[in-house]
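Peer 1: could you look at this predicted model? Sequence included:
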Amino acid sequence: MLNPPQRAAVLHTDGPLLVLAGAGSGKTRVIVEKIAHLVQSGRYPAKRIAAITFTNKSAREMRERVARRIKGEAAQELTVCTFHALGLKIAQIDHAKLGLRRGFSIFDADDSSAQIKDLLPAGSKPDAIEAMKQLISRAKNAALSPEQALDAARSPREREAAALYARYQQRLAAFNAVDFDDLIRLPLHLLETDAEARAVWRERIGYLLVDECQDSNDAQYRLLKALAGEAGQFTCVGDDDQSIYAWRGANPENLLTLGSDFPALKIIKLEQNYRCSNRVLRAANALIAHNPHEHPKTLWSDAADGERIRVWECRDAAHEADKVAAELQFIARKHEAPWSECCILFRGNHQSRALEKALQLLRIPYHLSGGTAFLDRGEVKDALAWLRLLANPDDDAAFLRAVQAPNRGVGATTLAKLGELAAHAHLPLARAAESISLCKQLPARSGNALQGFNDSVHSLRKAAHVLPPAELVRKLNEASGLLAALRVQCKNEAQFQVRRRNLDELADWFDGPKTSGPGELAAALALLSHADKGDAGNQVRLMSLHAAKGLEFRFVFIVGVEDGNLPHEASLEEGRIDEERRLFYVGITRAKERLWLSHAKEAQRWGDKLRLKPSRFLDELPAAELQRDGADPVADAENKQERRRMAIEDIRALLAK
């Protein structure tokens with residue numbers, strides 16, 4: 001049953017709406033119910049409704065919830081996707097207007113880095129390559145063309161990046177490719193400059209719903225405006241208190257800009273929290289009240305007060321990790337709680353090392369977010385290269401990887417020679433490899449190997465026209481020789497089965513689309529995300545505060561709550577403490593029942609001991625909601641007595657065995 005503000009948000013369908021949804025206030029339910037209301041009331045047909053999220057995972061979850069709420073064909077006609085997936089859809093339909101050919105490729109981060117490295121002087125350091133890549137990305141997220149980026153440059157470094165941006169775009173055009181940022185920039189340029197295209201897309205998308213609007217960058221916000229038009233038939237859902245991605249271009253000011261761009265904007269606040277205890281909420285409210293607010297919110301709950309927030313002072317990171325691990329063991333014993341209901345949060349990934357060691361010593365299973373990404377595994381990247389080449393024969397980066405996966409005797413010397421021939425003939429590498437006359441200029445063995453590779457590609461490309469993407473991936477794993485090569489490479493059967501399961505899982509990721517063809521394949525490829533790995537199972541979660549947004553756990557530990565770490569020293573130097581406070585707020589509001597905050601007194605830096613200060617944020621929390629070590633002798637004594645009793649029970653159980 002919806003509460004009154006939720007119901008008001010669902011029923012408001014005329015004109016622009018901003019829903020300021022506090023943490024745990026049921027915003028996803030509001031979006032799902034609103035979609036159902038729009039469809040079932042006959043206000044809009046499902047095919048004219050688009051719900052936009054920021055991750056493929058949240059889009060998939062929302063799509064599943066909508067499908068359960070709306071039965072039948074309508075659920076299939078809805079558009080529920082990310083901003084980038086929507087941009088891809090526009091680019092695929094209007095590819096000619098964007099200067100693209102059908103079946104264009106989408107370069108991932110590694111592809112982009114490789115091209116930028118190739119365009120920079122030989123010997124450029126990785127940091128310089130990454131810096132140039134970030135400057136280009138920043139220009140694209142501001143919807144600037146290379147020429148506009150050059151005009152906006154204010155330093156020699158920015159001018160160098162703008163010139164590199166121009167050469168990089170020429171390279172992408174030659175490959176019939178775009179990068180991830182182009183999936184917003186190019187459709188936005190089309191909609192802002194082509195009145196006919198703008199009218200067509202406004203007719204196609206009659207109503208927009210945007211989740212996590214505070215995370216939108218300038219280009220994404222302008223895309224929303226271009227699609228919404230003057231009527232502003234949209235619902236934006238967001239929380240300025242949870243805007244924590246400014247470092248990657250997010251602009252929380254977009255929530256304020258909505259009011260000036262759409263004067264008829266209605267604002268509804270969702271303040272009832274369905275997740276946290278009231279102690280946690282009171283602490284979170286007190287903390288975030290120190291930030292400036294245009295539309296302040298106060299979260300409240302019908303839940304009980306719950307236990308006070310524990311604050312630990314530890315000697316160092318090792319002592320802190322030992323305390324957390326021991327407490328986790330105690331929680332599992334006392335509450336009979338699954339490990340998956342426990343989470344440890346930190347500001348930076350380097351803080352996980354001491355925690356991992358402590359957890360391993362007590363044999364507590366854990367999952368570290370941000371480890372080796374599934375899509376970065378070698379066999380997975382090999383299969384993806386094949387798929388990209390099937391979708392786009394002009395994708396040189398995909399060809400170079402696929403032709404060597406598995407190894408078929410086409411080495412660096414042959415590829416270099418092929419590159420010269422391709423350049424002279426003004427052909428992409430894959431098309432040069434298909435040319436009989438060009439291949440005759442290569443050594444016979446290499447030419448024959450390329451012919452065998454071409455035969456495999458042609459066969460699989462035909463299959464791509466009739467098989468759904470998931471079935472195509474399974475066929476490719478066999479027909480390409482990837483599985484046979486894995487069996488040879490692996491030292492034993494167990495290792496082979498692990499890597500084979502990775503390829504099987506990749507196929508599972510493509511399940512869903514019923515149509516087929518290179519265009520559908522390209523769309524499915526673009527929707528893959530490094531953050532989409534499945535459930536981590538019954539393990540304690542270790543993750544950064546940034547990665548925890550949108551999640552919730554019964555028991556939450558936030559470690560390293562020290563000045564210089566949280567808030568981070570860079571934010572203090574650059575005057576960005578408000579975002580660090582929001583980050584801490586996000587961490588606090590992940591806790592459903594119990595919350596622990598810990599800080600160390602000293603740390604080792606370059607062989608020296610460094611004295612640390614507790615985070616200034618701790619002083620912004622209400623003292624009445626906290627239980628500091630040693631501050632409550634009665635509570636401490638009761639806690640020790642309970643631990644002693646449980647330890648005796650464990651010893652008796654062992655003796656009985």
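Peer 2: Perfect, thanks for sending it.
Peer 1: switch to C-alpha atoms for all contacts and neighbour counts from now on
Peer 2: Fine.
Peer 1: low-scoring pLDDT stretches of the stretch 251-400 of the chain, where are they?
Peer 2: Where the stretch 251-400 of the chain drops to pLDDT under 70, the residues are 370-376.
Peer 1: same thing but 90
Peer 2: For the stretch 251-400 of the chain, applying pLDDT under 90 flags the ranges 251-260, 292-297, 303-306, 332-337, 348-354, 356-357, 360-363, 366-385, 387-400.
Peer 1: following the worst-scoring helix or strand of the chain on mean pLDDT, which helix or strand shows up next?
Peer 2: In the chain, no helix or strand scores lower on mean pLDDT, DSSP states H and E than helix 518-526, which sits at a mean of 59. Per DSSP states H and E, the first helix or strand lying C-terminal to helix 518-526 is strand 540-544.
Peer 1: so what are the sheet partners of the helix or strand following that following strand and their directions?
Peer 2: Later in the chain than strand 540-544, the nearest helix or strand by DSSP H and E is strand 553-558. Applying DSSP bridges, strand 553-558 is found paired with strand 342-346 (parallel), strand 591-600 (parallel).
Peer 1: output the ones you listed in JSON lines; the columns should cover mean neighbour count and distance to residue 421.
Peer 2: What follows is these, written out as JSON lines (neighbours: other CA atoms under 10 Å; distance: least, CA to CA, whole Å):
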{"stretch": "strand 342-346", "mean neighbour count": "25", "distance to residue 421": "52"}
{"stretch": "strand 591-600", "mean neighbour count": "23", "distance to residue 421": "61"}
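Peer 1: format those strands as JSON lines; extra columns: distance to residue 177.
Peer 2: Converted to JSON lines, the strands paired with strand 553-558 look like this (distance: least, CA to CA, whole Å):
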{"stretch": "strand 342-346", "distance to residue 177": "38"}
{"stretch": "strand 591-600", "distance to residue 177": "43"}
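Peer 1: of the ones you listed, give the one that comes closest to residue 48.
Peer 2: Distance to residue 48, taken as CA to CA, is lowest for strand 591-600 among the strands paired with strand 553-558, at 37.3 Å.
Peer 1: and that closest one, average pLDDT?
Peer 2: The average pLDDT within strand 591-600 is 95.
Peer 1: residues making contact with the helix or strand just after it?
Peer 2: Downstream of strand 591-600, the first helix or strand assigned by DSSP H and E is strand 602-605. The contact list for strand 602-605, computed with CA atoms under 8 Å, 6 or more residues apart in numbering, reads 315-317, 609-612.
Peer 1: so residue 473, which of the three states?
Peer 2: The assignment at residue 473 comes out as helix when based on DSSP: H, G, I helix; E, B strand; the rest coil.
Peer 1: how many neighbours does it have?
Peer 2: 26 (other CA atoms under 10 Å).
Peer 1: from residue 221, how far off is the closest residue to it other than its chain neighbours?
Peer 2: Once flanking residues are discounted, residue 473 sits nearest to residue 507: 5.3 Å by CA to CA, 6 or more residues apart in numbering. Distance of residue 507 to residue 221, computed by CA to CA, to the nearest Å: 34 Å.
Peer 1: please apply the same query to residue 237.
Peer 2: Taken as CA to CA, the span from residue 237 to residue 221 is 13 Å.
Peer 1: now stretch 428-443: buried residues?
Peer 2: Residues of stretch 428-443 classed as buried by neighbour count (16 or more other CA atoms under 10 Å): 428-434, 438-439, 442.
Peer 1: let me fix that: stretch 264-278
Peer 2: The neighbour-count criterion (16+ other CA under 10 Å) identifies 265-278 as the buried residues of stretch 264-278.
Peer 1: out of these, list just those in strands.
Peer 2: For the buried residues of stretch 264-278, the ones inside strands are 266-270, with DSSP state E as the criterion.
Peer 1: tilt between the strand or helix carrying residue 285 and strand 591-600?
Peer 2: Residue 285 belongs to helix 278-288 when assigned by DSSP H and E. Angle of helix 278-288 versus strand 591-600, following axes from the mean of the first three to the mean of the last three CA atoms, to 10 degrees, is 60 degrees.
Peer 1: buried ones in helix 278-288, by neighbour count?
Peer 2: By neighbour count on 16+ other CA under 10 Å, the buried set for helix 278-288 is 278-285, 287-288.
Peer 1: just the CA trace of that helix, in PDB.
Peer 2: Output in PDB follows, covering the C-alpha atoms of helix 278-288 (Å, rounded to 0.1, in the frame of the first residue of the first chain):
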ATOM      1  CA  ASN A 278      15.200   5.500  14.000                       C
ATOM      2  CA  ARG A 279      18.600   5.900  15.700                       C
ATOM      3  CA  VAL A 280      20.300   5.400  12.400                       C
ATOM      4  CA  LEU A 281      17.900   7.900  10.800                       C
ATOM      5  CA  ARG A 282      18.400  10.500  13.500                       C
ATOM      6  CA  ALA A 283      22.100  10.300  13.100                       C
ATOM      7  CA  ALA A 284      21.900  10.500   9.300                       C
ATOM      8  CA  ASN A 285      19.500  13.500   9.500                       C
ATOM      9  CA  ALA A 286      21.800  15.400  11.900                       C
ATOM     10  CA  LEU A 287      24.900  14.700   9.700                       C
ATOM     11  CA  ILE A 288      23.400  15.800   6.400                       C
END
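Peer 1: what's that helix packed up against?
Peer 2: helix 577-588 (3 or more CA pairs under 8 Å, 6 or more residues apart in numbering; DSSP states H and E).
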